[in-house]
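> No letters, just coordinates:
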């Protein structure tokens, strides 16, 4: 089970606890979400991730994040054999 799914399961359990709804009531998650007016945790995580990426891209203090984002990978094949000794 992935971390996003685990967060969604936890969020729905918390919302059910807030409304004091049990599984026997057979109320769908969409209806519970409408009653609590809480944003989806997956949407919130994605939004925060993109905000963080924007913050890293705007840095001008020589931090490694911008270097990693702008890095160009090598093209072509590597040479055959063991690397030279230093």
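Alright, I've got the coordinates. Every value quoted in this text rests on a predicted model; they were computed, and no experiment measured them. Numbering: from 1, shown residues only.

> Stretch 45-53: how far from the chain's middle?
Per C-alpha atoms, centre = their mean, to the nearest Å, the displacement of stretch 45-53 from the mean C-alpha position of its chain is 7 Å.

> Equivalent analysis for stretch 54-61, please.
Per C-alpha atoms, centre = their mean, the centroid offset for stretch 54-61 relative to its chain is 19 Å.

> Now that stretch: buried residues?
Residues of stretch 54-61 include none that count as buried (16 or more other C-beta atoms under 10 Å). (C-beta placed from N, C-alpha, C; glycine too.)

> distance between the ends of that stretch?
Using C-alpha to C-alpha, to the nearest Å, one end of stretch 54-61 lies 15 Å from the other.

> how about the helices in the chain?
3-19, 29-36, 41-57, 64-69 (DSSP state H).

> With distance to residue 80 as extra columns, can I get the ones you listed in JSON lines?
Converted to JSON lines, those look like this (distance: least, C-beta to C-beta, whole Å):
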{"stretch": "helix 3-19", "distance to residue 80": "41"}
{"stretch": "helix 29-36", "distance to residue 80": "57"}
{"stretch": "helix 41-57", "distance to residue 80": "38"}
{"stretch": "helix 64-69", "distance to residue 80": "29"}
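
> what about this protein, any weak spots by pLDDT?
Applying pLDDT under 70 to the chain picks out residues 65-66, 69.

> If we use 80, what do you get?
The chain contains residues with pLDDT under 80 at 1, 56-57, 59-74.
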